[in-house]
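Engineer: what's the 3D shape of this:
(one chain, ligands or ions: 2)
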Amino acid sequence: MPNSLSRLKFINKNLLGRKRPTIISVVKDEEKDQETIMSIMKEVETDTTIAYNEVLEKCNEQYRSKVNPVLNKDFHQMYIEGWFSHDLPPQMSALDASQPWMLYWLANSMKVLNKNGLTDEIKERIAEKVFAISPQGGPFGGGVGQLPHLASNYAAINALALCDNIGGCWDKLNLKAIYEWLMSLKQVDGCFKTCSGIGETDTRGVYCALSVASMLGIMTPELCEGVEDFLISCQNYEGGFGGCAHEDEAHGGYTFCAIASLSILAAIDRIDTSKLALWCSQRQDNAEKGFCGRSNKLVDGCYSFWIGSTASILEWHGCAECVNKEALKEYILYCCQSSKRPGLQDKPGTNPDFYHTNYVLLGLAIAENAVFITSKEGDNKSKEQVLIEEPSSATHFNSPSCLTAINPIYGLPVEELFNFSTHFRHKKSSCSS
Ligand SMILES: CC(C)=CCC/C(C)=C/CC/C(C)=C/COP(=O)(O)OP(=O)(O)O
Ligand SMILES: [Zn+2]
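Structural biologist: Ligands and ions are numbered 1, 2, ... in the order given. Below is the predicted model:
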């Protein structure tokens with residue numbers, strides 16, 4: 001035993017870099033049956049179990065303390081208006097490479113809360129800021145003088161989609177430059193590098209590339225070549241998707257990127273949807289009620305969108321409801337907002353931020369606003385196409401919080417997405433005629 005303990009300590013310290021102490025329990029030979037081992041497992045206390053119990057206690061405090069809370073819409077709207085009308089404090093300089101993200105998160109949160117909430121003045125300022133980053137009309141980096149990046153380019157295009165073509169800003173986009181840049185990032189295995197030369201490759205990049213290309217009407221067979229196969233290879237034994245191929249750990253964020261991309265490619269039927277649905281349902285626990293992003297991790301409000309939209313897309317494709325939307329709504333209303341500070345948060349006791357405000361609101365909008373798509377007879381359009389091209393043929397059940405209807409694939413309001421993509425479809429057909 002002393003030998004094996006010191007060997008374990010050596011492996012942990014030098015090979016795995018773990019800081020936690022190793023706990024060793026001696027099991028007598030006659031006790032070595034399944035049950036004894038199970039009970040030892042339950043008794044082990046680790047940083048993970050301590051953190052889990054602390055979070056659960058904080059959630060329970062919220063569930064005990066309030067009676068049927070509602071979404072405090074005016075309060076959260078104040079949060080967004082406040083950030084649109086003040087300079088960012090110096091401690092937010094860490095977000096310097098995420099400027100288009102901040103525009104998208106804030107503008108989108110406002111639209112979800114109130115479809116008329118963005119003033120023309122704010123829309124003009126958003127467009128001005130986006131085109132200051134790339135006066136050539138894209139592709140876009142995270143700020144002035146920064147290299148174009150798939151994630152910031154995605155956020156910049158989404159932010160512009162929320163601006164109703166103010167000042168003709170949609171026509172300033174350089175579709176040719178964006179398309180050629182996307183093609184230059186393509187890799188032989190079907191995914192995309194996030195940035196020329198130094199970028200990483202995973203399902204996030206694929207989603208950012210396909211989302212933008214499909215909205216701008218610049219999807220081509222060349223752009224999509226090998227993408228489906230790459231995405232399919234990211235589904236692992238758990239049923240969810242990792243960021244990379246072949247058994248990378250399944251994670252809510254990467255799973256959303258894969259499933260939304262496969263949905264854009266109308267290729268959902270090429271994956272194991274039942275296993276994915278089961279994995280999604282395993283992300284939700286009866287106790288906390290919200291979703292976690294991966295096995296044995298903590299509940300977090302942003303997965304209300306990453307997992308919630310994955311579940312919605314699966315439902316469109318005939319899977320039974322695999323998450324408990326009522327429980328999720330409770331988590332959001334009880335645990336992701338506080339009466340002390342406006343904005344939405346990850347979990348009780350954390351601070352609200354732009355990212356969580358957007359994704360918690362999107363998660364609530366999707367959970368409350370079921371969208372059913374009915375294809376017309378003889379119509380060979382995919383459900384995704386129907387929703388983008390003819391949102392009026394989708395039925396929306398009004399949400400109790402009266403939130404704007406959201407397209408789960410794009411994380412944008414159905415109406416704005418329709419107007420934006422229609423603009424580019426018309427442009428394309430008038431150029432080719
Ligand atoms: C459109 C686009 C680019 C989407 C990105 C989606 C994505 C990958 C989201 C994951 C974000 C996240 C909270 C990671 C945290 O990992 P963690 O280890 O801190 O959190 P965990 O403990 O919840 O896993
Ligand atoms: Zn989060």
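
Engineer: For ligand 1, tell me whether stretch 198-216 is touching it.
Structural biologist: Yes. Applying CB under 6 Å from any ligand atom, one finds stretch 198-216 touching ligand 1 at 204, 207-208. From N, CA and C alone the C-beta is placed, and that goes for glycine too.

Engineer: Just the buried positions in that stretch, please.
Structural biologist: By neighbour count on 16 or more other CB atoms under 10 Å, the buried set for stretch 198-216 is 199, 201-216.

Engineer: so how far is that stretch off the chain centroid?
Structural biologist: 13 Å (CA atoms, centre = their mean, to the nearest Å).

Engineer: swap in stretch 261-273?
Structural biologist: 17 Å.

Engineer: which parts of it are buried?
Structural biologist: Buried, per 16+ other CB under 10 Å, within stretch 261-273: 261-265, 267-268, 271, 273.

Engineer: Next: stretch 86-105.
Structural biologist: So stretch 86-105, judged by 16+ other CB under 10 Å, has buried residues 95, 98-105.

Engineer: Output these in CSV; the columns should cover secondary structure and distance to V55.
Structural biologist: Formatted as CSV, the buried residues of stretch 86-105 follow (DSSP: H, G, I helix; E, B strand; the rest coil; distance: CB to CB, whole Å):
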residue, secondary structure, distance to V55
L95, helix, 26
S98, helix, 26
Q99, helix, 32
P100, helix, 32
W101, helix, 26
M102, helix, 27
L103, helix, 31
Y104, helix, 28
W105, helix, 24
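
Engineer: Which positions in the protein make contact with ligand 1?
Structural biologist: Neighbours of ligand 1 within the chain, by CB under 6 Å from any ligand atom: 151, 204, 207-208, 251, 253-254, 257, 293-294, 297, 300, 302, 306.

Engineer: now those residues in JSON lines, with distance to ligand 2 and pLDDT?
Structural biologist: Below are these laid out as JSON lines (distance: CB to the ion, whole Å; pLDDT from 0 to 100):
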{"residue": "A151", "distance to ligand 2": "16", "pLDDT": "98"}
{"residue": "R204", "distance to ligand 2": "15", "pLDDT": "98"}
{"residue": "Y207", "distance to ligand 2": "17", "pLDDT": "98"}
{"residue": "C208", "distance to ligand 2": "19", "pLDDT": "98"}
{"residue": "H251", "distance to ligand 2": "12", "pLDDT": "98"}
{"residue": "G253", "distance to ligand 2": "9", "pLDDT": "98"}
{"residue": "Y254", "distance to ligand 2": "14", "pLDDT": "98"}
{"residue": "C257", "distance to ligand 2": "15", "pLDDT": "98"}
{"residue": "G293", "distance to ligand 2": "8", "pLDDT": "98"}
{"residue": "R294", "distance to ligand 2": "12", "pLDDT": "97"}
{"residue": "K297", "distance to ligand 2": "10", "pLDDT": "96"}
{"residue": "D300", "distance to ligand 2": "4", "pLDDT": "98"}
{"residue": "C302", "distance to ligand 2": "3", "pLDDT": "98"}
{"residue": "W306", "distance to ligand 2": "9", "pLDDT": "98"}
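
Engineer: Out of those residues, which sit inside helices?
Structural biologist: Counted as lying in helices by DSSP state H, out of these, are 151, 204, 207-208, 253-254, 257, 306.

Engineer: With respect to ligand 1, which of those is nearest?
Structural biologist: Ligand 1 has its nearest neighbour among those in G253, at 2.1 Å by CB to the nearest ligand atom.

Engineer: Relative to L88, how far out is the closest residue to the closest one other than its chain neighbours?
Structural biologist: Distances taken as CB to CB, 6 or more residues apart in numbering place W306 nearest to G253, at 5.1 Å, with adjacent residues excluded. Distance, W306 to L88, by CB to CB, to the nearest Å: 25 Å.

Engineer: next one: Q136
Structural biologist: From Q136 to L88 the distance is 26 Å (CB to CB).

Engineer: Likewise for L262?
Structural biologist: The value you get for L262 to L88, if CB to CB is used, is 36 Å.

Engineer: ok so, going back, from memory the residue nearest to G253 sits against I259, does it?
Structural biologist: No. Contact between W306 and I259 fails when scored by CB atoms under 8 Å: they sit 9.8 Å apart.

Engineer: quick one: which of those two has more around it?
Structural biologist: With neighbours defined as other CB atoms under 10 Å, W306 and I259 compare such that I259 has more, 31 against 25.

Engineer: Please list all residues in contact with that one.
Structural biologist: 241, 268, 271, 276, 310, 313-314 (CB atoms under 8 Å, 6 or more residues apart in numbering).

Engineer: Name the nearest of those relative to ligand 1.
Structural biologist: Closest to ligand 1, out of all of the contacts of I259 and judged by CB to the nearest ligand atom, is F241, at 10.3 Å.

Engineer: and that closest one, how many residues sit next to it?
Structural biologist: Applying other CB under 10 Å, I find that F241 has 33 neighbouring residues.

Engineer: try L173
Structural biologist: For L173, using other CB under 10 Å, the count is 25.

Engineer: Then K73?
Structural biologist: Neighbour count for K73, taken as other CB under 10 Å: 16.

Engineer: could I get the contacts of I259 as a markdown table with secondary structure and distance to ligand 2?
Structural biologist: Listed next are those as a markdown table, based on DSSP: H, G, I helix; E, B strand; the rest coil; distance: CB to the ion, whole Å:
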| residue | secondary structure | distance to ligand 2 |
| --- | --- | --- |
| F241 | strand | 18 |
| I268 | helix | 25 |
| I271 | coil | 25 |
| L276 | helix | 21 |
| T310 | helix | 15 |
| I313 | helix | 20 |
| L314 | helix | 21 |
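
Engineer: just the strands in the stretch 101-250 of the chain please.
Structural biologist: For the stretch 101-250 of the chain, applying DSSP state E, counting those that start in this stretch gives no strands.

Engineer: Quick one: low-confidence residue ranges for this structure.
Structural biologist: 1-43, 370-398, 431-433 (pLDDT under 70).
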